[in-house]
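# Kindly generate the corresponding structure for this input.
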Amino acid sequence: MGMDSQSAELRRPRAWLAWSSGKDSAWALHAVRQSGEFEVVALLTTVNQRYSRVAMHAVRESLVEMQAAAAALPLIRVPIPSPCSNEIYERAMGAAMARARAEGVWHVVFGDLFLEDIRAYRETQLAGCGMTPVFPLWRRDTRQLADEMLAHGLSAYLTCVDPSKLNRSFAGRRFDADLLRALPRDVDPCGENGEFHTFANAGPMFRQSIPVTAGEIVERDGFVFADFLPRASAAGKA
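Below is the predicted model of the structure:
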């Protein structure tokens, strides 16, 4: 039995997981680990060089490093400028995919839920690199998925809100049952239409939680961002 198990482990395809720092990518990691179909060997994240933050979610790079440590996975950074054109982004991702192939990785896991155009873009871009995307959460009912996340101990905070889709007062709030009840009916419970983005700080995909303290809330480039700090360093930053 031991040899069979070892052989199965050797045959399991290796994958990188596209890491946004948010709840969906965190839950995708949990789902893939639960299924056992792929072996996730690293987290892949794009980092805004100007601010040292994860693109769009605006989470500090230091917090993403803490997430990777808690997930017991190496973090592979793709540095991008701000602003960043599609051409520059695709060139940077192409270089990352070349590294993946060199390391025997041919799959990338994404936490996308239902946006067809985003999925088609990923499929086209990865096909050009000889890579295959994996979508473990695809077409899940997003309210049921949100409830499942919370029921299994996921903790997250809203780090970015699009005020044209959701009231700016939601920035910085915890992603919990109270928030789900407070969301307007036209807002997706997982924010899949870009209404909000999150930072996941605890859950079954992590070996330990990541204590954070809320920082300032700022409006920039048409979005409302809530800053979060590692709790240990919050006093020094205040």
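
# C-alpha from now on. contacts and neighbour counts both.
OK.

# In the longest helix that the chain contains, which residues are buried?
As assigned by DSSP state H, the longest helix anywhere in the chain is helix 86-102. For helix 86-102, burial by neighbour count (16 or more other CA atoms under 10 Å) applies to M93, G94, A96, M97, A100.

# which other helices and strands contact the helix or strand following it?
Following helix 86-102 in sequence order, the next helix or strand is strand 107-109 (DSSP states H and E). Helices and strands touching strand 107-109, by 3 or more CA pairs under 8 Å, 6 or more residues apart in numbering; DSSP states H and E, are strand 14-18, strand 132-134.

# Can you tell me what sits against the following helix or strand past the shortest one?
Where DSSP H and E defines the elements, the next helix or strand beyond strand 132-134 is helix 142-151. Contacts made with helix 142-151 from outside it, assessed by CA atoms under 8 Å, 6 or more residues apart in numbering, are listed as W27, L113, D176, A177, D188, P189, C190.

# Go again with 6 Å.
With contact meaning CA atoms under 6 Å, 6 or more residues apart in numbering, helix 142-151 is reached by P189, C190.

# Tell me which other helices or strands the helix or strand following that helix touches.
The first helix or strand that comes after helix 142-151 along the chain, using DSSP H and E, is strand 155-161. Applying 3 or more CA pairs under 6 Å, 6 or more residues apart in numbering; DSSP states H and E, we find strand 155-161 packed against strand 196-202, strand 223-230.

# would you turn those strands into a markdown table with distance to G128?
Shown next, in a markdown table, are the helices and strands packed on strand 155-161 (distance: least, CA to CA, whole Å):
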| stretch | distance to G128 |
| --- | --- |
| strand 196-202 | 28 |
| strand 223-230 | 32 |
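
# Point out the most buried one among those.
strand 196-202 (a mean of 26; mean count of other CA atoms under 10 Å).

# helices or strands up against the helix or strand just after it?
For strand 196-202, the succeeding helix or strand toward the C-terminus, using DSSP H and E, is strand 212-220. Using 3+ CA pairs under 6 Å, 6+ apart, the elements in contact with strand 212-220 are strand 223-230.
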